[in-house]
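Trainee: only geometry, no sequence info:
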């Protein structure tokens, strides 16, 4: 089958504006969009730039917008698009470095801000922690995050307010707050009790919709909000945990 | 010139473990050709071994039993002192990982869960469902954020600079700027991973070109036991995405087109949980005998495990099957075939991860200590990365802090960087010639057809000849794209040089080794020959040609015996 790949090209050092370039791609075999892009690059234009690594939807390198949908190029099967025209764009709201390669720095900056690491009690438990599996199950949803950036790029709040931490970082924070081993004090993580943190989300759930790993980051943001409110009430009435 | 005390090359598990264990008072940086979270470690699925004895069936497990299984699995080629060291350190390493944040799955009672794995006497493999690599890599990366480890991402090392037996640093290609520059370091640790993409069918990521191993070889460091290439029994037909050994650990069956669990003919007591070399050969034999489907694959059947267990323990496998094969393993068996998976061989280093070149260290898949010998057991590679990554960081720190860690000569580094720039300029000026992806496809075909699971003298000799012919054609290679920023073409042209070296060393080692041991199976020498071949192969580049040497295997407690499962 013949496909037209309409790919957004932009080299900020050379081009004034991004532009679309068409490539003809023909295949009879089942191919992923990533495989098609690699063949187009090899055979037609070796300067075409995009990121990739694992090709099995676990490394988070190849997020892009394919026919209007956020997804990983490696897990998008060309034939499943049911369209001979394939429009490929870089993730929006992140600066283009070249073609489909975008600057992920704002995304990882937000991640770093939430202190994305376990804060266990100072003393290491002899022979490991004792935690029931059902406790671990509660964080598994968030552990599936591969940091591809789809949610951040698709988030309407992050796109208009660069101070907003975005879905992935907040969901990551919830993953730690909810972890039975984590002992970070409320005063430390409640720094996200702001408009650039948990209250920034305007609950349109775009992040849940675009996440290729079904992490549903907005669930984490909602849960953080509930926890913030509950903790405030506790403090007001000085309830003991 | 950028200057570091310790430069770690590679941001996967071994690299991050090395950076985290380096002395915090030293200036340490990680260079990676991708963001660390994109490293291939992230794709590890089934788990990490340690004799915790948490399973009701594993109460009698001990690190000694783990060491024995590892050594027997290695077909007695592993160095026994190193294997023992790894298995002993396994237990505290798991608790350390857990304390750092790894969310291991649990047994009732709250202890870390352990599943059976191939070649292991007890359920010994700790896991987080089937995403163990993902969670450990993310955890170590989180720790690198906490400890503010400096990372230079999307920098690819093109050369290791050695002068008078001392490592001075590296030359890098910065993808974002397109620039080539030297980086000075008092110690360099390579954690650059495997070379799966030298083969046509591999479970490895697209980025696994193995150039780190090739770069060390070009710098004069010998490669050890490179003929031992692991083929994983179960990769998804036909894109060869890994289907974890954990699927069999949880009870999955391998079935041929007669509906038979054929492993009973090959490993009657271990069945599907024999070591990988044995299972991979069994599957390939069934396919070759006409007992496969479409003569290409057999089935891995998980249906009898039931929906709940598959969803709980193997959610990633289910997701892969649905995404990439359009089937749900709850209702349908998975078509699988063997594919290249891992390199037992690698850069020759000792148990302190040090190589012959002063100030140069290596850990993880790119290194060969050797703990895996002729065949690695599943669950031992993640273990190796965290144990020896840590040791490499400590060794490099001691080296730098000792008197040996003096500053190197910047002039040599600059010269080497100029040489790399000149070479790139030549490729760019050419305007016509060979395109690298075509050469790469030819190389992959040669390796898969002639240096695969079953080997013989004729094929191996032909492979060597074809690889040397490819080396001639590589001289005609050119770069068609003029922009060098984010140029994957340039990455491939540079790395292909290493891939040719690796292919040659693998084929040469395989041709020389006239026996069958572990993953190295010779149709013309089907028996293990301890008298002639219980020794490590070492291949070093001398005057531009590979020179082969051998070294004794360290054997202490465990005398080589017949390997039956």
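Mentor: Thanks, I have the structure now. Everything numeric in this text was worked out from a predicted model, so none of it was measured.

Trainee: what comes up buried for stretch B:526-538?
Mentor: B:528, B:530, B:533, B:534, B:536, B:537, B:538 (16 or more other C-beta atoms under 10 Å in any protein chain shown). Heads up, the C-betas are built off the backbone N, CA and C, glycines and all.

Trainee: Dump those to JSON lines, plus distance to residue B:550, secondary structure and pLDDT.
Mentor: What follows is the buried residues of stretch B:526-538, written out as JSON lines (distance: C-beta to C-beta, whole Å; DSSP: H, G, I helix; E, B strand; the rest coil; pLDDT from 0 to 100):
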{"residue": "B:528", "distance to residue B:550": "16", "secondary structure": "coil", "pLDDT": "98"}
{"residue": "B:530", "distance to residue B:550": "13", "secondary structure": "helix", "pLDDT": "97"}
{"residue": "B:533", "distance to residue B:550": "9", "secondary structure": "helix", "pLDDT": "98"}
{"residue": "B:534", "distance to residue B:550": "10", "secondary structure": "coil", "pLDDT": "98"}
{"residue": "B:536", "distance to residue B:550": "6", "secondary structure": "strand", "pLDDT": "98"}
{"residue": "B:537", "distance to residue B:550": "6", "secondary structure": "strand", "pLDDT": "98"}
{"residue": "B:538", "distance to residue B:550": "7", "secondary structure": "strand", "pLDDT": "98"}
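
Trainee: give me every residue that touches residue B:330.
Mentor: Shown in contact with residue B:330 (C-beta atoms under 8 Å, 6 or more residues apart in numbering or on different chains): B:302, B:303, B:306, B:307, B:310, B:311, B:318.

Trainee: one step back: rebuild the buried residues of stretch B:526-538 as TSV, extending it with distance to chain A.
Mentor: Below are these laid out as TSV (distance: C-beta to the nearest C-beta, whole Å):
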residue	distance to chain A
B:528	35
B:530	39
B:533	36
B:534	37
B:536	31
B:537	31
B:538	31
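
Trainee: Nearest to residue B:463 among the residues you listed?
Mentor: Nearest to residue B:463, judged by C-beta to C-beta, of the buried residues of stretch B:526-538 is residue B:537 at 16.3 Å.

Trainee: Helix or strand next in line after the one helix or strand residue B:492 maps to, which one?
Mentor: Per DSSP states H and E: residue B:492 is located in helix B:488-512. Next helix or strand after helix B:488-512 toward the C-terminus (DSSP H and E): strand B:521-522.

Trainee: other SSEs contacting that following strand?
Mentor: For strand B:521-522, the elements it packs on are strand B:454-455, judged by 3 or more C-beta pairs under 8 Å, 6 or more residues apart in numbering or on different chains; DSSP states H and E.

Trainee: For the next helix or strand after the strand it packs on, buried residues please.
Mentor: Next along the chain after strand B:454-455, taking DSSP H and E as the criterion, comes helix B:457-474. The neighbour-count check on helix B:457-474 (16+ other C-beta under 10 Å) flags B:459, B:460, B:462, B:463, B:464, B:466, B:467, B:470, B:474 as buried.

Trainee: didn't the first one look like it was pressed against residue B:450?
Mentor: It stands for residue B:459. Yes. Applying C-beta atoms under 8 Å, one finds residue B:459 in contact with residue B:450, separated by 4.0 Å.

Trainee: Please name the nearest non-neighbouring residue to residue A:180.
Mentor: residue A:135 (4.7 Å; C-beta to C-beta, 6 or more residues apart in numbering or on different chains).

Trainee: Next, count neighbours for that neighbour.
Mentor: Residue A:135 has 16 neighbours, counted by other C-beta atoms under 10 Å in any protein chain shown.

Trainee: Which is the succeeding secondary structure element to the helix or strand hosting residue A:38?
Mentor: Element membership of residue A:38 [criterion: DSSP H and E] is helix A:33-43. Sequence-wise, the next helix or strand downstream of helix A:33-43 (DSSP H and E) is strand A:63-66.

Trainee: pLDDT averaged over that following strand - what is it?
Mentor: Strand A:63-66 shows a mean pLDDT of 98.

Trainee: Show me which residues of the helix or strand that that strand is followed by are buried.
Mentor: Note on strand A:63-66: by DSSP H and E, the next helix or strand toward the C-terminus is strand A:69-72. Neighbour counts over strand A:69-72 (16+ other C-beta under 10 Å) mark A:70, A:71, A:72 as buried.

Trainee: Contacts made by strand A:69-72 with the rest, please.
Mentor: Contacts for strand A:69-72 (C-beta under 8 Å, 6+ apart): A:34, A:57, A:60, A:62-65, A:91, A:148, A:150, A:153-154, A:210, A:212.

Trainee: try 7 Å this time
Mentor: Contacting residues not belonging to strand A:69-72 are listed as A:57, A:62, A:63, A:148, A:150, A:153, A:154, A:210, A:212 [C-beta atoms under 7 Å, 6 or more residues apart in numbering or on different chains].

Trainee: and those, which are buried?
Mentor: Neighbour-count burial (16+ other C-beta under 10 Å) applied to the contacts of strand A:69-72 gives A:57, A:62, A:63, A:148, A:150, A:153, A:154, A:210, A:212.

Trainee: Give me the distance from the longest helix along chain A to the chain's centre.
Mentor: Taking DSSP state H as the criterion, chain A has its longest helix at helix A:217-237. When C-alpha coordinates are averaged (C-alpha atoms, centre = their mean, to the nearest Å), helix A:217-237 and its chain have centres 23 Å apart.

Trainee: again with stretch A:206-219
Mentor: That offset, for stretch A:206-219, works out to 8 Å (C-alpha atoms, centre = their mean).
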